[in-house]
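In: Just need the structure, nothing else, for what follows:
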Amino acid sequence: MTSLKTKAVAFLIWRDCQDHGWDRTTSEIAKEIGETTQRVRAVLKAKGWSNRVRSSKPDCSIVPVYNHEIASICQSVAHGVGR
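Out: Below you'll find the predicted structure:
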């Protein structure tokens, strides 16, 4: 059974994304609705909405890369290595 708190947070997430769209990260949603990122992530997963929101993975294309180790990590993230 889903708790009342989970249902309430699910509604807040849904309402926020009706206003701002689903192209948002869990952090952005959490900040807007006053919940923790962990709680938002858990509710998104419980509702099957995780695939609707934008990934919180860093966008390495907008960050200058200064060494080969960081470049390798960014390439791995970009290509989905380790999933």
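In: show me where the chain has helices.
Out: Here the chain has its helices, by DSSP state H, at 4-20, 26-33, 37-47, 68-78.
In: The ones you listed: lowest mean pLDDT?
Out: For the helices of the chain, mean pLDDT drops lowest on helix 68-78, to a mean of 71.
In: how far away is S27 from L12?
Out: Distance, S27 to L12, by CB to CB, to the nearest Å: 15 Å. To be clear about C-beta, it is placed using only N, CA and C from the backbone, and glycine gets the same treatment.
In: Of all the helices of the chain, which one is nearest R54?
Out: Judged by CB to CB, the one of the helices of the chain that comes nearest to R54 is helix 26-33, at 8.2 Å.
In: which parts of that closest one are buried?
Out: Across helix 26-33, burial judged by 16 or more other CB atoms under 10 Å covers T26, E28, I29, A30, E32, I33.
In: tell me the domain ranges of the protein?
Out: What automatic domain parsing lists as the domains of the chain is 1-52, 56-83.
In: okay, those domains, which one's buried deepest?
Out: Mean neighbour count (mean count of other CB atoms under 10 Å) peaks for domain 1-52 among these, with a mean of 15.
In: Show me how far it is from its chain's centre.
Out: How far domain 1-52 lies from its chain's middle: 9 Å, per CA atoms, centre = their mean, to the nearest Å.
In: Quick check: the closest residue in space to I29 that isn't next to it in sequence vs S55, distance?
Out: Using CB to CB, 6 or more residues apart in numbering and skipping residues adjacent in sequence, the residue nearest I29 is V40, 5.2 Å away. Applying CB to CB, the value for V40 to S55 is 14 Å.
In: ok, residues contacting stretch 41-58?
Out: Stretch 41-58 is contacted by residues 2, 6, 9-10, 13, 17, 22-27, 29, 74, 77 when judged by CB atoms under 8 Å, 6 or more residues apart in numbering.
In: if we go to 7 Å?
Out: T6, V9, A10, I13, W22, D23, R24, T25, T26, S27, I29, V77 (CB atoms under 7 Å, 6 or more residues apart in numbering).
In: Cheers, nothing more for now.
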